[in-house]
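Enquirer: Based on what follows, work out the 3D shape:
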Amino acid sequence: METTEVKNTKELQELANELFTTLKPAKHEKDFTVSFTVYDYKHLMFIISDLMKLCVSAIEDGFDSDTVVFSKIHITHILEIAIELLPIDEAEFLDKSRELFLKENKNDIPEKQKS
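Expert: This is a model prediction of the structure:
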């Protein structure tokens, strides 16, 4: 027969597996990742752009002496998030795809147009 403690532990584990979905374990056991939904790469780029515009706006508007340190810390965190959202691997894919496309198109150009 299962003890109450074991049963409670199992129920807690099931609840944790079901409900702890926002933070995902990362490569390091003390780190977590957070995800959110975007419609496509264009939507992701608009989000990154808006985060950066927010920081630029906050910097351009200036700070009074009482909030300068506090505000700069938040701007730094927002910019760090924007950097992490940048699709670097996908950009490499685009570069390599473009190279292949240009190479293919170069082969399709008649000799008279190549000069």
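Enquirer: And the helix or strand encompassing Ile48, how far out from the chain middle?
Expert: Under the criterion of DSSP states H and E, Ile48 resides in helix 41-61. Put simply, helix 41-61 sits 13 Å off its chain's centre (Cα atoms, centre = their mean, to the nearest Å).
Enquirer: helices or strands up against it?
Expert: When contacts are defined as 3 or more Cβ pairs under 8 Å, 6 or more residues apart in numbering; DSSP states H and E, helix 41-61 sits against helix 68-85. Placement of C-beta: from N, CA and C, glycine included.
Enquirer: Now the helix it packs on: average pLDDT?
Expert: Helix 68-85 carries an average pLDDT of 78.
Enquirer: after that helix, next one along is what?
Expert: Next element after helix 68-85 (DSSP H and E): helix 88-108.
Enquirer: in that following helix, what's buried?
Expert: Residues of helix 88-108 classed as buried by neighbour count (16 or more other Cβ atoms under 10 Å): none.
Enquirer: Kindly report the same for stretch 50-60.
Expert: Leu51, Cys55.
Enquirer: And the pLDDT at Gln113?
Expert: pLDDT, read off for Gln113, is 57.
Enquirer: any idea of the angle the helix holding Ile48 forms with helix 88-108?
Expert: Here the directions of helix 41-61 and helix 88-108 differ by 120 degrees (axes from the mean of the first three to the mean of the last three Cα atoms, to 10 degrees).
Enquirer: Show residues contacting helix 41-61.
Expert: Helix 41-61 is contacted from outside by Val38, Ser71, His74, Ile75, Ile78, Leu79, Ile81, Ala82, Leu85, Leu86, Pro87, Glu90, using Cβ atoms under 8 Å, 6 or more residues apart in numbering.
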